[in-house]
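**Student:** heads up, no residue letters with this:
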């Protein structure tokens, strides 16, 4: 699983009430504010040196930033599971007829298409 550090950087930047340009200026990164935006959106990844500069500015270390991002990703994964446990999903699935399973899958696909349109 790839770790998306951007959301953590954005959270910390906003907590510090900094603009993207101010973060560039304060960290001494030789980058533009649009680069910070690309990091935050997960469009690019920082180099290790850049990650060290950002961590130093936020008074932490690279390992803590990565662990924070990993924990955030795990929470998102856990929150996206609708039933309380996977075994509950298995129990519900097993109780359905084949026709009902097909109907449920079609409904799920419809919901995904609707969600993507937004």
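**Tutor:** Structure's in. What do you need? Every value quoted in this text rests on a predicted model; they were computed, and no experiment measured them.

**Student:** now do the contacts for the residue nearest to residue 36 when sequence neighbours are not counted.
**Tutor:** Leaving aside its sequence neighbours, residue 36 sits nearest to residue 20 (Cβ to Cβ, 6 or more residues apart in numbering; 4.0 Å). Heads up, the C-betas are built off the backbone N, CA and C, glycines and all. If you count contacts by Cβ atoms under 8 Å, 6 or more residues apart in numbering, residue 20 has them with 13, 33, 34, 36, 37, 40.

**Student:** who wins on neighbours among these?
**Tutor:** Within these, most neighbours by other Cβ atoms under 10 Å means residue 36, with 25 neighbours.

**Student:** on that earlier part again, just the closest of the contacts of residue 20 to residue 5, please.
**Tutor:** The nearest member of those to residue 5, counting by Cβ to Cβ, is residue 40 at 9.2 Å.

**Student:** how far off centre is the lengthiest helix in the chain?
**Tutor:** Longest helix of the chain, by residue count under DSSP state H: helix 98-117. In this view, helix 98-117 has its centroid 25 Å away from the chain centroid, taken as Cα atoms, centre = their mean, to the nearest Å.

**Student:** sounds good, over and out.
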